[in-house]
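K.L.:
Model the following, please.
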Amino acid sequence: MFILKKILTAFFLPPGILVSLMLLSGIWFLFKKNWKPGIINSLIGIFMWSLLISPVADALNRGLEADFKIPENPQGDVIILLGGGVYDKVPDLSGVGAPTEEMIGRLVTAVRLQKKLNVPIIVSGGAVFKGRKAEAPIAKRFIVDLGVPANKVIIEDKSRDTIENAKYANEICKKIGYRKPILVTSAYHMKRSVMSFEKVGMKVVPFPANFKTWKDKKYGWEDYMPGSGNAMGVIKEYVGFIFYKIAY
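P.N.:
I've put the predicted structure just below:
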């Protein structure tokens, strides 16, 4: 009963229901010997299914994460933490607004690293869209709540994307005199981030967080259910990397 519940949930709730509808319509057309729409709908359903399972998402993720490892003995004079999104008006323990789940992983990694090195943190992240709150002040509140002194946290709240993270963080480092920045962001985002900092003339030490894959990862039947993975976010990162490489 447990396995049946998991299968039904995967295929009859979003996003799996879309896969089911495409596959069922494809089978129905094929049963009616309406070959062209039957084949097309079936292939679309299979393609959608592939984008929603862990093995495919992990295979794509591995191409972004593979070049980066956590340094055994990181050395630097400042940590640059890149924003990963906030829920800007939700109620919270110490104020209004909270980091997204993705950002929490980056933030906790930066705090743990700061405790180890006792260096300042530059939190980089502005308001991406008009009417939203900047990410950096919300992230700073959490960082301070976790025990980092407020005077050790520097806010950069103008940037709207990764290339602007690099631009404005670089300006702060030059102004204060930081020469050995350690960059903290999600492992899948690190490739584009390092490239962005290089494009503004800044060399950083990558310190990746939020790894999604690992060597010899094993998969069970549940990893092939729709919704067990999400390749779309990874594809978006690949597109962003290519765009940055061409545009900047």
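
K.L.:
tell me which element Q75 is part of?
P.N.:
Using DSSP states H and E, Q75 maps to neither a helix nor a strand.

K.L.:
what's the neighbour count on it?
P.N.:
Residues contacting Q75 under the criterion other Cβ atoms under 10 Å number 10. No exception for glycine: its C-beta is placed from N, CA and C like everyone else's.

K.L.:
same deal with K167?
P.N.:
Neighbour count for K167, taken as other Cβ under 10 Å: 19.

K.L.:
same thing with D161?
P.N.:
16.

K.L.:
That one: what's it in contact with?
P.N.:
The contact partners of D161, by Cβ atoms under 8 Å, 6 or more residues apart in numbering, come to V128.

K.L.:
Would you mind measuring from it to D88?
P.N.:
Counting by Cβ to Cβ, to the nearest Å, the separation of D161 from D88 is 17 Å.

K.L.:
can you check G201 too?
P.N.:
32 Å.

K.L.:
Compare these two (neighbour count), which wins?
P.N.:
More crowded of G201 and D88, by other Cβ under 10 Å: D88, with 16 against 9.

K.L.:
so what's the backbone phi/psi at that one?
P.N.:
phi -70, psi -20 (degrees, to the nearest 10).

K.L.:
Begin at 36, not 1, for the rest of this chat.
P.N.:
Noted, 36 is the first residue going forward, which turns the last one into D123.

K.L.:
Surely it touches R167?
P.N.:
Yes - counting by Cβ atoms under 8 Å, R167 is a contact partner of D123 at 5.4 Å.
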